[in-house]
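In: Whatever this is, show me its structure:
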Amino acid sequence: MQITLRQPDDWHLHLRDGDMLNAVAGVSARHFGRALIMPNLVPPVVTGSDAIAYKQRIQAAVSSASPASRFQPLMTLYLTEQTDPQEVVAAAANGTILAVKLYPAGATTNSASGVTDVARVMPVLEAMAKHNIVLCVHGEVTTSDVDIFDREARFIETVLAPLRETLPELRIVMEHVTTRDGVDYVAASDSNMAATLTTHHLMINRNHMLVGGIKPHYYCLPIAKREEHRQALVKAACSGDPRFFLGTDSAPHTRSTKESDCGCAGVFNAGNTMACLATVFEDARALDKLEAFASLNGPAWYGLAPNEQTMTLEKLDTPCAHPEPITVGEDCVMPFDPAREIYWQVL
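Out: Sure, this is the predicted structure:
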């Protein structure tokens with residue numbers, strides 16, 4: 001069996017920088033026409049000139065790994081409490097960036113420069129709303145009194161809903177939604193609200209990470225939730241609803257930093273995402289909805305045309321081999337293990 005669809009895009013991708021960028025760029029870009037690149041480097045991508053320089057490094061790394069690649073990185077700025085609204089407006093107007101990313105301070109990898117209080121960045125958000133610039137949000141609160149499994153629901157209640165009441169014209173993507181609460185909130189929104197869903201959150205729940213011993217390569221932020229939440233994500237992805245689209249949140253870390261006494265959060269899934277998604281959508285009897293989720297809904301939300309190229313996936317009679325680790329210096333990055341056999345491959 002084969003299916004053919006427009007070449008997909010990844011609307012949430014981490015490529016890192018330096019040796020890691022050079023190691024993962026080819027695999028991360030291989031199956032995608034475009035990707036929205038996350039700005040949480042050290043130091044972060046905070047100005048238009050930062051974004052231009054980072055884009056050039058990405059293009060060089062992809063070209064080195066795959067000279068014939070047509071992959072297009074789409075850039076974002078990291079929102080800080082010192083961000084100049086005019087810098088954001090100018091960078092969007094000249095095509096340097098497509099969106100701005102809001103990290104609550106301390107929410108995830110390299111988020112120390114993030115926002116402690118949305119009120120402190122309202123001038124930037126007001127300018128973005130006026131100029132139709134998309135805000136991508138890591139939707140979790142980070143206060144110590146909130147359980148890590150409740151961070152997303154509390155963010156919706158205390159941050160996102162009040163912000164949208166204040167600035168209903170601001171276009172927002174709630175990235176890597178992990179709960180039924182998040183799915184229901186986006187589905188109930190009548191305008192200016194969308195969400196990305198990751199490959200790993202569609203395939204694993206928190207038992208995969210915790211049962212039978214802690215498995216650090218499933219540790220990510222937002223953390224995987226209960227099975228009922230995973231099922232809600234699958235239902236949303238397979239619904240055809242244009243407000244839900246693919247953002248892998250593929251986030252490489254070396255094996256040693258994942259398997260340490262304070263392991264890093266992140267799952268590296270870009271290389272086998274499309275095979276995994278075909279599995280998820282086939283299980284849901286929704287293969288006819290895969291193209292919308294992976295290839296059409298995201299471009300429509302961001303005002304872009306779908307990719308002209310196509311991709312064909314084939315289902316095999318025997319399981320596919322698991323992707324090989326990617327060498328980074330004397331270490332490696334471990335690809336996502338979907339915790340089940342995968343019979344699909346990209347031709």
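
In: Please enumerate the helices of the stretch 51-200 of the chain.
Out: Ranges of helices in the stretch 51-200 of the chain, per DSSP state H, counting those that start in this stretch, are 85-93, 122-130, 151-155, 161-166, 180-187, 199-203.

In: For the ones you listed, state which one has the densest average packing.
Out: helix 199-203 (a mean of 26; mean count of other Cβ atoms under 10 Å). In short, each C-beta sits where N, CA and C put it, glycine included.

In: pLDDT on that helix, on average?
Out: Helix 199-203 shows a mean pLDDT of 98.

In: Quick one: residues in contact with it.
Out: 176-178, 218, 220, 222, 224-225, 230, 233-234, 237, 246, 248-250, 267, 269, 273, 276-277, 279-280, 336, 338-340 (Cβ atoms under 8 Å, 6 or more residues apart in numbering).

In: and with 7 Å instead?
Out: Identification of contacts with helix 199-203 by Cβ atoms under 7 Å, 6 or more residues apart in numbering yields 176, 178, 220, 224, 230, 233-234, 237, 248, 267, 269, 273, 276-277, 280, 336, 338-339.

In: Just the buried residues of the residues you listed.
Out: 176, 178, 220, 224, 230, 233-234, 237, 248, 267, 269, 273, 276-277, 280, 336, 338 (16 or more other Cβ atoms under 10 Å).

In: residue boundaries of the strands in the stretch 151-300 of the chain?
Out: Under the criterion DSSP state E, counting those that start in this stretch, the stretch 151-300 of the chain contains strands at 172-175, 193-197, 244-246.

In: other SSEs contacting the longest one?
Out: Read it as strand 193-197. strand 172-175, helix 180-187, helix 227-237, strand 244-246 (3 or more Cβ pairs under 7 Å, 6 or more residues apart in numbering; DSSP states H and E).

In: Please identify which of the ones you listed is closest to residue 144.
Out: helix 180-187 (20.7 Å; Cβ to Cβ).

In: angle of the closest one against strand 193-197?
Out: 140 degrees (axes from the mean of the first three to the mean of the last three Cα atoms, to 10 degrees).

In: wait, what's in contact with residue 88?
Out: Neighbours of residue 88 in contact, by Cβ under 7 Å, 6+ apart: 77, 100, 124, 127, 128, 133.

In: In those residues, find the pair that's most separated.
Out: Maximum distance among these (Cβ to Cβ): 12.3 Å, for 77 and 127.

In: The residue nearest to residue 265 when sequence neighbours are not counted - how many residues pack around it?
Out: Distances taken as Cβ to Cβ, 6 or more residues apart in numbering place residue 221 nearest to residue 265, at 4.1 Å, with adjacent residues excluded. Neighbourhood size, residue 221 [other Cβ atoms under 10 Å]: 20.

In: what's near enough to touch residue 221?
Out: 107, 108, 265.

In: do that again at 8 Å, thanks
Out: 107, 108, 109, 140, 265, 266.

In: out of the residues you listed, what pair is the most spread apart?
Out: Taking Cβ to Cβ, no two of the contacts of residue 221 sit farther apart than 140 and 266, at 14.7 Å.

In: who has more neighbours, these two?
Out: residue 140 (26 against 23).

In: That one: what's it in contact with?
Out: 104, 107, 108, 151, 152, 155, 221, 222.

In: out of everything not next to it in sequence, what's closest to it?
Out: residue 151 (3.8 Å).

In: try residue 28
Out: In space, residue 28 is closest to residue 270, 4.2 Å off (Cβ to Cβ, 6+ apart).

In: and if you look at residue 17?
Out: residue 41 (5.3 Å).

In: Let's verify that neighbour: helix, strand, or coil?
Out: Three-state call for residue 41 (DSSP: H, G, I helix; E, B strand; the rest coil): coil.

In: hang on, isn't it packed against residue 14?
Out: No. Using Cβ atoms under 8 Å, residue 41 is not in contact with residue 14; the gap is 9.5 Å.

In: Looking at those two, which is more packed in?
Out: Here residue 41 and residue 14 are compared on neighbour count by other Cβ under 10 Å; more neighbours surround residue 14, at 26 against 19.
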